[in-house]
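1. Sharing a model prediction with you, sequence too.
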Amino acid sequence: MATLVVCSGGLDSVTLAHRVAAEDELAGLVTFDYGQRHRKELDFAARAAERLGARHDVVDLSVLGRHLSGSALTDDVDVPDGHYAADNMAVTVVPNRNPILFTIAFGIASSRGWERVAAAIHAGDHFVYPDCRPEFVSAFAEMEHRALEGMGEVAFHAPFVHWAKADIVAEGARLGVPFAETWSCYRGESVHCGRCGTCVERREAFHLAGVADPTAYTDPDYWQQALNEQA
């Protein structure tokens, strides 16, 4: 099944790209520049595409970030430290981001005659991000079925939607994903900060999966403090 993977360059989406390439037909990767402050992730998506020998499209939506204001990912708002489950992580929500990006991905897939769009949304994000929940996946798939009716069916593939981050790390290890060639940190500095929600989640996931974490962090031990504070 010809599949277009929405790939940010992060651990989850790169693992998904490797999984699709190993088990099905990877038609291509699509990455979105939506004005995110950690846009260096785009470089890691490009590396994944090159490694997998896949077509890679980067869609320039950089102007979008100026209109989706108020998020620490697109605006002049400090990225908070701590675990994803903490209340302050709500500031990292970019309103309606996934529906916007996925709609474009479905349009691309439909126009090229591809049969499926895959996204790496997972259970660990459900607490903070409403557009990462199973209910969203079901509703969005139905919307696209209606939107593209008569133009060829494009399925929505979200195999990690009920998985924890540690499950994705274990799957990536099985597939031989080069985790050092993925980017998660919201701050987008020279190395992962180790303190933002996505760094804490990443560090914890490797620990829970029992997989060595090759990631360089400015503060490699903070994740344990963040978890203790959340407990």
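-> That came in fine, so what should we check first?

2. Below-threshold pLDDT in the protein: ranges please.
-> Along the chain, segments meeting pLDDT under 70 span 37-38, 68-82, 84-94, 125-127, 231.

3. Please enumerate the helices of it.
-> 11-23, 41-52, 64-67, 97-112, 134-147, 165-175, 197-209, 222-230 (DSSP state H).

4. what's the closest of those to Val30?
-> Across these, Val30 has its closest neighbour in helix 97-112 (5.4 Å, C-beta to C-beta). Using the backbone N, CA and C atoms, a C-beta is placed for each residue, glycine as well.

5. got the helices of the chain as JSON lines, with mean neighbour count and distance to Met1 columns?
-> Shown next, in JSON lines, are the helices of the chain (neighbours: other C-beta atoms under 10 Å; distance: least, C-beta to C-beta, whole Å):
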{"stretch": "helix 11-23", "mean neighbour count": "24", "distance to Met1": "9"}
{"stretch": "helix 41-52", "mean neighbour count": "19", "distance to Met1": "16"}
{"stretch": "helix 64-67", "mean neighbour count": "15", "distance to Met1": "30"}
{"stretch": "helix 97-112", "mean neighbour count": "19", "distance to Met1": "11"}
{"stretch": "helix 134-147", "mean neighbour count": "15", "distance to Met1": "15"}
{"stretch": "helix 165-175", "mean neighbour count": "20", "distance to Met1": "18"}
{"stretch": "helix 197-209", "mean neighbour count": "23", "distance to Met1": "28"}
{"stretch": "helix 222-230", "mean neighbour count": "16", "distance to Met1": "37"}
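
6. Those helices: which one's closest to Gly188?
-> Gly188 sits nearest to helix 41-52 of all those, at 7.6 Å, using C-beta to C-beta.

7. Dump the closest one to CSV, restricted to CA.
-> What follows is helix 41-52 as a C-alpha-only set of coordinates in CSV (Å, rounded to 0.1, in the frame of the first residue of the first chain):
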residue,chain,number,x,y,z
GLU,A,41,14.0,19.0,13.0
LEU,A,42,13.4,19.5,9.2
ASP,A,43,17.1,18.6,8.7
PHE,A,44,16.6,15.3,10.5
ALA,A,45,13.5,14.5,8.4
ALA,A,46,15.6,15.1,5.3
ARG,A,47,18.3,12.7,6.6
ALA,A,48,15.6,10.0,7.2
ALA,A,49,14.3,10.4,3.6
GLU,A,50,17.8,10.1,2.2
ARG,A,51,18.6,7.1,4.3
LEU,A,52,15.4,5.3,3.2
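
8. Who are the packing partners of that helix?
-> helix 11-23, strand 25-33, strand 55-60 (3 or more C-beta pairs under 8 Å, 6 or more residues apart in numbering; DSSP states H and E).

9. orientation of that helix relative to helix 11-23 in degrees?
-> Helix 41-52 and helix 11-23 meet at an angle of 20 degrees, taking axes from the mean of the first three to the mean of the last three C-alpha atoms, to 10 degrees as the criterion.
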